[in-house]
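> Sequence unavailable; structure follows:
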């Protein structure tokens with residue numbers, strides 16, 4: 001499945017529902033679809049729209065879903081400049097606890113089985129395994 005999502009935070013929920021509702025039955029457990037997949041994808045799309053495309057209505061974020069025997073991979077790519085994933089502050093560090101941002105990737109990493117970024121830093125791959 002491939003999907004272009006307009007750079008509008010109001011579209012995140014619809015895009016997440018579209019992806020979740022088109023997964024074949026049995027691909028992932030209902031719990032992993034209803035919480036892990038939906039939450040992680042919403043965070044990834046929100047970050048791409050907010051930071052990658054700057055919520056510019058003339059830009060889009062691409063979503064691609066690949067299904068394997070017991071795995072779902074979701075790629076979210078924007079056309080922004082990307083970022084250096086090694087320079088993300090630890091949101092659990094005492095100096096960062098009061099910040100109102102910087103938790104999205106932390107949450108994603110705890111909801112999916114694997115997270116990978118493309119070299120440019122403008123694309124993320126979320127991997128969820130059955131179970």
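Happy to help now that I have it. All values reported here derive from a predicted model rather than from experimental measurement. Numbers count the residues shown, from 1 in each chain.
> Please make it C-alpha for all contacts and neighbour counts, starting now.
OK.
> Which residue comes closest to residue 48 once chain neighbours are left out?
Leaving aside its sequence neighbours, residue 48 sits nearest to residue 78 (CA to CA, 6 or more residues apart in numbering; 5.9 Å).
> Relative to residue 54, how far out is the one you found?
Residue 78 is 10 Å from residue 54, where distance means CA to CA, to the nearest Å.
> residue ranges with poor pLDDT in this protein?
Within the chain, the stretches with pLDDT under 70 are 89-93, 95-103.
> middle-most residue in the protein, spatially?
By CA atoms, centre = their mean, the chain has its centre lying nearest to residue 44, at 2.5 Å.
> Now do the contacts for that one.
For residue 44, the contacting residues are 76, 104, 105, 108, 124, by CA atoms under 8 Å, 6 or more residues apart in numbering.
> ok, the third one to residue 72 distance?
If I follow you right, that is residue 105. 18 Å.
> ditto for the last one
The spacing between residue 124 and residue 72, counted by CA to CA, is 14 Å.
> burial of residue 35, as a residue count?
12 (other CA atoms under 10 Å).
> tell me the contacts of it?
Contacts of residue 35 (CA under 8 Å, 6+ apart): none.
> same question, residue 109
Residues in contact with residue 109 (CA under 8 Å, 6+ apart) are residue 115.
> Pretty sure it sits in a helix.
Yes - according to DSSP: H, G, I helix; E, B strand; the rest coil, residue 109 belongs to a helix.
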